[in-house]
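Engineer: mind folding the following:
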Amino acid sequence: MGSDKMKGHKKLGKWLAASIVTALLAVSVLLLLSPITAGAAAPNRPSNLSPANGTYSISLTHTFLSSSDPSATHAASQWQITTAPGNYTGPSLVFDSGVDKSSLTRLDMPAGVLAVNTTYYWHVRYQDSHDNWSAYSRETSFATEEGPKTSFSTTPSAPSAGLPWHWIALGTVVTGGLGLVVVTRRS
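Structural biologist: Prediction:
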């Protein structure tokens, strides 16, 4: 009976050793695969779709569109707009969405950000579910619409005694500014 008990312990020992080896092997595989998931490739570089490069007369509340990335889990985007090409810092940066989890491929520009008759440059980048960022899209430019026109009457009151009227422009009418037109009569 003593030898049967010894055989039982040997079997238990072999089973326990095999279980430990199996567990260690499973943990090793998990550790090997974890860095692959955490170090997954960054999302593909997006493309600017709208406004397209060189577009002009864009609305001040334009909807910006970028390409989608079917190869990645798109978790967030960062949209930036500047007035100086290639400079997305300092006073030339007029809009930075930060990490935006709702405007992934479509950004509705809020009112009050863009100014009339101004050239802007923009790009966007994507973040995946592993916190990897893509490269920024290639920078493209656009110009906003002109502001409201200032109108004034160009018809002077009726000239007296048939004398001709002469118009002299002393300034330029600009958006938000004033111009001056002087009307004189030649005697």
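Engineer: which positions within stretch 76-87 qualify as buried?
Structural biologist: For stretch 76-87, burial by neighbour count (16 or more other Cβ atoms under 10 Å) applies to 76-82. In this view, the C-beta of every residue, glycine as well, is placed from N, C-alpha and C.
Engineer: list the contacts of it.
Structural biologist: Applying Cβ atoms under 8 Å, 6 or more residues apart in numbering, the contact partners of stretch 76-87 are 46, 64, 66, 88, 92-101, 103-105, 107, 113-114, 118-127, 133, 136, 139, 141.
Engineer: can you map out the strands along the protein?
Structural biologist: Ranges of strands within the chain are 48-50, 55-58, 63-66, 74-82, 93-96, 106-108, 119-128, 140-144, 165-169, 181-185, based on DSSP state E.
Engineer: average pLDDT for the last one?
Structural biologist: Which is strand 181-185. The average pLDDT for strand 181-185 rounds to 49.
Engineer: now swap in the fourth one and tell me
Structural biologist: Averaging pLDDT along strand 74-82 yields 96.
Engineer: dump that strand to PDB, restricted to CA.
Structural biologist: C-alpha atoms of strand 74-82 as PDB (Å, rounded to 0.1, in the frame of the first residue of the first chain):
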ATOM      1  CA  HIS A  74     -10.800  55.800 -34.900                       C
ATOM      2  CA  ALA A  75     -11.300  57.100 -31.300                       C
ATOM      3  CA  ALA A  76     -10.500  60.900 -31.700                       C
ATOM      4  CA  SER A  77      -9.300  63.600 -34.000                       C
ATOM      5  CA  GLN A  78      -7.400  66.900 -33.600                       C
ATOM      6  CA  TRP A  79      -8.300  69.700 -36.000                       C
ATOM      7  CA  GLN A  80      -6.100  72.800 -36.300                       C
ATOM      8  CA  ILE A  81      -6.500  76.000 -38.300                       C
ATOM      9  CA  THR A  82      -3.900  78.800 -38.700                       C
END
